[in-house]
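Asks: A predicted structure for the sequence below; I have some questions about it.
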Amino acid sequence: MAWVYLIMAGLFEIGWPVGLKMAQQADTRWLGIVIAVGFMALSGWMLWLAQKQIPLGTSYAVWTGIGAAGTFLVGIFFYGDPSSFMRYLGVLLIISGVVVLKLA
């Protein structure tokens with residue numbers, strides 16, 4: 001169950017940078033702040049639950065890896081962030097590192 005909590009924590013980790021991005025616009029500022037704070041709380045709580053059984057270093061790396069890769073993809077698909085082979089390679093390296101930590 002700890003790995004389910006950790007994956008959920010990583011997915012919730014994607015929500016708070018999106019909320020901060022929304023908060024940059026005057027018409028969605030407060031909604032963005034509420035979304036960011038809400039997702040931070042959910043993500044942190046799920047990470048706390050996961051760390052009861054998963055080592056600190058592994059859980060933190062997986063959590064940030066999911067958050068970084070997911071936020072990268074949301075930025076490209078929904079916010080028009082630049083897309084290139086090297087950027088995708090960088091995210092692939094992050095994911096590869098997370099997989100190695102899981103298998104080690």
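Replies: Now that the structure is in, tell me what you want to look at. Numbering: from 1, shown residues only.

Asks: Please count neighbours and contacts with C-alpha atoms only from this point.
Replies: Fine.

Asks: which ones are touching the residue most central in space within the chain?
Replies: Centroid check for the chain by Cα atoms, centre = their mean gives Gly67 as the closest residue, at 1.5 Å. Shown in contact with Gly67 (Cα atoms under 8 Å, 6 or more residues apart in numbering): Gly10, Leu11, Phe12, Glu13, Ile14.

Asks: quick one: low-confidence parts of this protein?
Replies: Residues of the chain that meet the criterion pLDDT under 70 are absent altogether.

Asks: let's see 80
Replies: Within the chain, the stretches falling below the threshold (pLDDT under 80) are 101-102, 104.

Asks: In the lengthiest helix in the chain, which of the residues would be classed as buried?
Replies: For the chain, the helix that runs over the most residues, judged by DSSP state H, is helix 56-79. Along helix 56-79, these residues count as buried under the neighbour rule (16 or more other Cα atoms under 10 Å): 58-75.

Asks: Can you name the next helix or strand after that helix?
Replies: Counting by DSSP states H and E, the next helix or strand C-terminal to helix 56-79 is helix 85-103.

Asks: Report the angle between the longest helix of the chain and helix 85-103.
Replies: Regarding helix 56-79 and helix 85-103, their directions subtend 150 degrees when assessed with axes from the mean of the first three to the mean of the last three Cα atoms, to 10 degrees.

Asks: on that earlier part again, can you lay out the contacts of Gly67 as CSV showing secondary structure?
Replies: Formatted as CSV, the contacts of Gly67 follow (DSSP: H, G, I helix; E, B strand; the rest coil):
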residue, secondary structure
Gly10, helix
Leu11, helix
Phe12, helix
Glu13, helix
Ile14, helix
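
Asks: Any chance of a PyMOL selection covering the buried ones in those?
Replies: PyMOL command restricting these to the buried ones, with burial defined by 16+ other Cα under 10 Å:
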select buried, resi 10+11+12+13+14
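
Asks: follow-up on the earlier one: okay, the longest helix of the chain in PDB with CA atoms only?
Replies: Presented in PDB, the C-alpha positions along helix 56-79 are these (Å, rounded to 0.1, in the frame of the first residue of the first chain):
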ATOM      1  CA  LEU A  56      13.400   8.300   3.000                       C
ATOM      2  CA  GLY A  57      15.800   8.700   0.100                       C
ATOM      3  CA  THR A  58      13.900   6.400  -2.200                       C
ATOM      4  CA  SER A  59      10.500   7.900  -1.400                       C
ATOM      5  CA  TYR A  60      11.700  11.400  -1.900                       C
ATOM      6  CA  ALA A  61      13.400  10.600  -5.200                       C
ATOM      7  CA  VAL A  62      10.300   8.800  -6.500                       C
ATOM      8  CA  TRP A  63       8.000  11.600  -5.300                       C
ATOM      9  CA  THR A  64      10.100  14.400  -6.900                       C
ATOM     10  CA  GLY A  65      10.600  12.300 -10.100                       C
ATOM     11  CA  ILE A  66       6.900  11.800 -10.600                       C
ATOM     12  CA  GLY A  67       6.300  15.400  -9.900                       C
ATOM     13  CA  ALA A  68       9.000  16.700 -12.200                       C
ATOM     14  CA  ALA A  69       8.200  14.400 -15.100                       C
ATOM     15  CA  GLY A  70       4.400  15.000 -14.700                       C
ATOM     16  CA  THR A  71       4.800  18.800 -14.400                       C
ATOM     17  CA  PHE A  72       7.100  18.700 -17.500                       C
ATOM     18  CA  LEU A  73       4.400  16.900 -19.500                       C
ATOM     19  CA  VAL A  74       1.600  19.200 -18.300                       C
ATOM     20  CA  GLY A  75       3.700  22.200 -19.200                       C
ATOM     21  CA  ILE A  76       4.100  20.900 -22.700                       C
ATOM     22  CA  PHE A  77       0.600  19.700 -23.400                       C
ATOM     23  CA  PHE A  78      -1.400  22.500 -21.600                       C
ATOM     24  CA  TYR A  79       0.900  25.500 -21.400                       C
END
